[in-house]
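Asks: my questions are about this predicted structure, shown below with the sequence.
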Amino acid sequence: MSFSLATWNVNSLKVRLPHLLAWLNTRPLDIVCLQETKLADDSFPARDLLDVGYRCHFAGQKTYNGVAILLRAESVGNADAVVTGLPDFDDAQKRVIAITVDGMRIVCAYFPNGQAVGSEKYAYKLKWITALTQWLRNEIVQHERLALLGDFNIAPEPRDVHDPALWDGQILCSDAEREAFRGLVALGLGDAFRLFDQPERSFTWWDYRDLAFRRKMGLRIDHILLTSALARICTGCSIDVELRRKERPSDHAPVIATLASASDGGAIRPSVLQP
DNA sequence: ATGGCATGACAATCATGA
């Protein structure tokens, strides 16, 4: 038996709801983290998702940001210890929701974009990531099995960028952002995608403009990070680019990680977490 | 240096994204 975790920046859940429902019908993922829902909580389509078999937890606002975690009722238990927002970081922007379910801590995050290196939004981005990292340091102590999924708005390495020279030092690729990403990894988290051999030019976001998707001009900025206890039972991680091909797509494609169920005993493959 | 495209709020442009 296996268990799947996914993350997808939908760029408006209102517009992308048909895509999401069709996707979940053909591919029954167990836990799905969404970002940029852009919906106030009283507008969240909980009914439609329940009709296709998912219970939802969400923290949203009108127009901007907004995060949600969907749980497949058939295979996943009830959520506990729901947290929205970062403790000790006063912020009106809805970017974080965390739950405990089936012995796992699931953290869904929409990192700030940062706009431009040196801007006020860039400073906010770095401060926000510092607050996230501080909070997770304690969460990881309390939850051996923790997954951080979301739109990180960081391309961790040059190979995560279609044109590394063009993007070098730019927003999403600056030294401070990449250092912040390594700071999260240093908590004891592994990038699930890099636990496995992957095709070159694997990306999760492509600009709507300039036929960027068709020209394979993308960035890998959406990630699934796992503690070693989960990385040990992770059997695969991939990007579902098919959703980016559809009519009126999100500019992001989902990332999916597959875990062996705890009952399988775990030791599927050795941990390859970086020190 | 700027716009390209998409979304939402709002009612013609503007903020934001990455």
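Replies: Nice, thanks for sending it over.

Asks: what secondary structure does whichever residue of the stretch 51-200 of chain A sits closest to DNA strand B sit in?
Replies: When scored by CB to the nearest atom of the strand, the stretch 51-200 of chain A has A:Asn113 as its residue closest to DNA strand B, at 3.4 Å. Just so you know, the C-beta spots here come from the backbone N, C-alpha and C atoms, and that holds for glycine as well. On the three-state scheme (DSSP: H, G, I helix; E, B strand; the rest coil), A:Asn113 is labelled coil.

Asks: doesn't A:Lys121 make contact with it?
Replies: Yes - assessed by CB atoms under 8 Å, A:Asn113 is found in contact with A:Lys121 at 6.9 Å.

Asks: A:Arg55 and A:Phe152: what is the separation?
Replies: 26 Å (CB to CB, to the nearest Å).

Asks: neighbour count winner among these two?
Replies: A:Phe152 (28 against 17; other CB atoms under 10 Å).

Asks: show me which residues of the stretch 51-200 of chain A sit near DNA strand B.
Replies: Taking CB under 7 Å from any atom of the strand as the criterion, the neighbours of DNA strand B within the stretch 51-200 of chain A are A:Lys62, A:Thr63, A:Tyr64, A:Pro112, A:Asn113, A:Gln115, A:Lys121, A:Asp151, A:Asn153, A:Ile171, A:Leu172.

Asks: list the contacts of the fifth one.
Replies: So the one you mean is A:Asn113. A:Lys121, A:Lys125, A:Asn153, A:Ile171 (CB atoms under 8 Å, 6 or more residues apart in numbering).

Asks: now neighbour count too, for these, in JSON lines please.
Replies: JSON lines is the format used below for these (neighbours: other CB atoms under 10 Å):
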{"residue": "A:Lys121", "neighbour count": "13"}
{"residue": "A:Lys125", "neighbour count": "25"}
{"residue": "A:Asn153", "neighbour count": "22"}
{"residue": "A:Ile171", "neighbour count": "19"}
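
Asks: quick check, nearest of these to A:Leu17?
Replies: A:Asn153 (23.4 Å; CB to CB).

Asks: please report phi then psi for that closest one.
Replies: Per-residue torsions, A:Asn153: phi 50, psi 40 (degrees, to the nearest 10).

Asks: the one 4 residues further on too?
Replies: Here the main-chain torsion angles of A:Glu157 (degrees, to the nearest 10) amount to phi -140, psi 160.

Asks: helix, strand or coil for the closest residue to it other than its chain neighbours?
Replies: Nearest residue to A:Glu157, sequence neighbours excluded (CB to CB, 6 or more residues apart in numbering): A:Arg178, at 7.5 Å. Secondary structure state of A:Arg178, per three-state DSSP, is helix.

Asks: just checking, A:Arg178 touches A:Pro158?
Replies: No - with contact defined as CB under 8 Å, A:Arg178 and A:Pro158 do not form a contacting pair (9.6 Å).

Asks: neighbour-wise, which of the two wins?
Replies: A:Arg178 (17 against 13).
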